[in-house]
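Asker: give me coordinates for this.
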Amino acid sequence: MATLTNPVNKQNIIDRFADYVVADANASISWGTNNKPFSEMPNSYFGGTNGGRGIAINSGNIGDTVVTASTIRSVLETETTNYTNMKNLRARLNVTGGGGNTGSRPTAGIVYDQTAKAHMNTGYRSAIGAVNNSNVSTGNTITVGNLQTYFTNLRTAYRAKRDATTTVTIDVCHASCHSSCHGSRGRR
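Answerer: Numbering: from 1, shown residues only. Modelled structure (predicted):
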C-alpha cells in the first residue's frame with residue numbers, strides 16, 4: 001500500500017490511486033472468461049478473467065514537469081470510468097422448451113438466477129459523472145489530505161456504478177445438453 005509523500009510526486013499519485021480504485025475494482029470478482037455463471041453464458045459478455053485488469057496509466061499520464069489539478073482529475077476520472085465494467089451481474093438461465101426436456105434441468109423456466117461481481121466487456125462501462133474534487137482544483141495547493149479525500153470520492157463513484165446491477169438472461173431450449181443435442185440433430 002502506497003503512502004502519499006509531501007511533496008506528492010506523479011508516481012506516488014498513481015500508486016495511491018491504485019490502492020483506492022484499482023484494488024477495489026479488482027477485488028472479489030466471481031465471474032469472467034475463466035469462470036462463467038453457467039456454461040451456456042457466451043464469453044462475449046465478459047471483458048477478461050475474474051482476476052480483473054491492470055492499471056492502464058502511469059506517471060507520464062500525469063504531466064511532464066508540472067503536475068496540475070485538472071490533469072490529475074482528468075486522468076484519474078477517466079481511469080476510474082475504465083473500471084466500471086467490473087460490476088454486479090445478475091445472470092439468469094431460462095429454459096424455453098416445453099415438456100420433454102431431459103438432463104439435469106428438465107423444467108422449463110428460469111433455472112439459474114444469481115448475482116455476483118463480474119468482469120463484463122467494455123460495453124458495460126458507464127461514466128462516473130461529476131466527482132467532488134476535494135479542492136484538487138486550479139488555484140489550490142494540492143495537499144495529501146485533499147488527495148486522500150479525492151481518492152475516496154473516486155472509489156465511491158466507482159462503487160455506485162458497480163452496485164447498479166446489470167441483468168442478463170440467456171435463453172436455451174433445454175439446458176445442460178444444449179450443444180450436444182443440437183450437434184447431434186444433423187446425424188439423425
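Asker: C-alpha from now on. contacts and neighbour counts both.
Answerer: Fine.
Asker: where does this structure have its least confident helix or strand?
Answerer: Sorting the helices and strands of the chain by mean pLDDT, DSSP states H and E puts helix 178-184 at the bottom, at a mean of 49.
Asker: strands of this structure, residue ranges please.
Answerer: 86-95, 109-119, 166-172 (DSSP state E).
Asker: export those to CSV and tack on distance to Ala23?
Answerer: Formatted as CSV, these follow (distance: least, Cα to Cα, whole Å):
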stretch, distance to Ala23
strand 86-95, 12
strand 109-119, 14
strand 166-172, 21
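Asker: which of those is buried the deepest?
Answerer: Among the strands of the chain, strand 86-95 has the highest mean neighbour count (mean count of other Cα atoms under 10 Å), at a mean of 23.
Asker: quick one: low-confidence ranges for the protein?
Answerer: Scanning the chain with the threshold set as pLDDT under 70 gives 98-106, 175-188.
Asker: longest helix of it?
Answerer: Using DSSP state H, we find that the single longest helix of the chain is helix 144-162.
Asker: now the residue nearest to the spatial centre of the chain, nearest residue through space, not along the chain?
Answerer: Ranked by distance to the mean C-alpha position of the chain (Cα atoms, centre = their mean), the top residue is Met86 at 1.0 Å. Excluding the flanking residues, the one nearest Met86 by Cα to Cα, 6 or more residues apart in numbering is His119, at 4.5 Å.
Asker: may I see the buried residues of the longest helix of the chain?
Answerer: Neighbour counts using 16 or more other Cα atoms under 10 Å place 144, 146-159, 161-162 of helix 144-162 among the buried residues.
Asker: returning to what we had before: so the residue nearest to the centre of the chain versus Pro42, what's the distance?
Answerer: Distance of Met86 to Pro42, given as Cα to Cα, to the nearest Å: 17 Å.
Asker: and Ser30, by the same measure?
Answerer: Taking Cα to Cα, one finds Ser30 at 16 Å from Pro42.
Asker: just want to know which of those two has more residues nearby.
Answerer: Ser30 (20 against 11; other Cα atoms under 10 Å).
Asker: any idea how far the more buried one is from Gly52?
Answerer: Counting by Cα to Cα - Ser30 and Gly52 are separated by 10 Å.
Asker: same deal with Val131?
Answerer: 23 Å.
Asker: who has more neighbours, those two?
Answerer: Gly52 (23 against 15).
Asker: correct me if wrong: that one contacts His119.
Answerer: Yes. Gly52 lies in contact with His119 (Cα atoms under 8 Å); the separation is 6.5 Å.
Asker: and for these two, which residues touch both?
Answerer: Ile29, Met86 (Cα atoms under 8 Å, 6 or more residues apart in numbering).
Asker: just the buried residues of stretch 21-39, please?
Answerer: Quick answer for stretch 21-39 (16+ other Cα under 10 Å): 21-26, 29-33, 36-37.
Asker: can you measure across it, start residue to end residue?
Answerer: Stretch 21-39: ends 31 Å apart by Cα to Cα.
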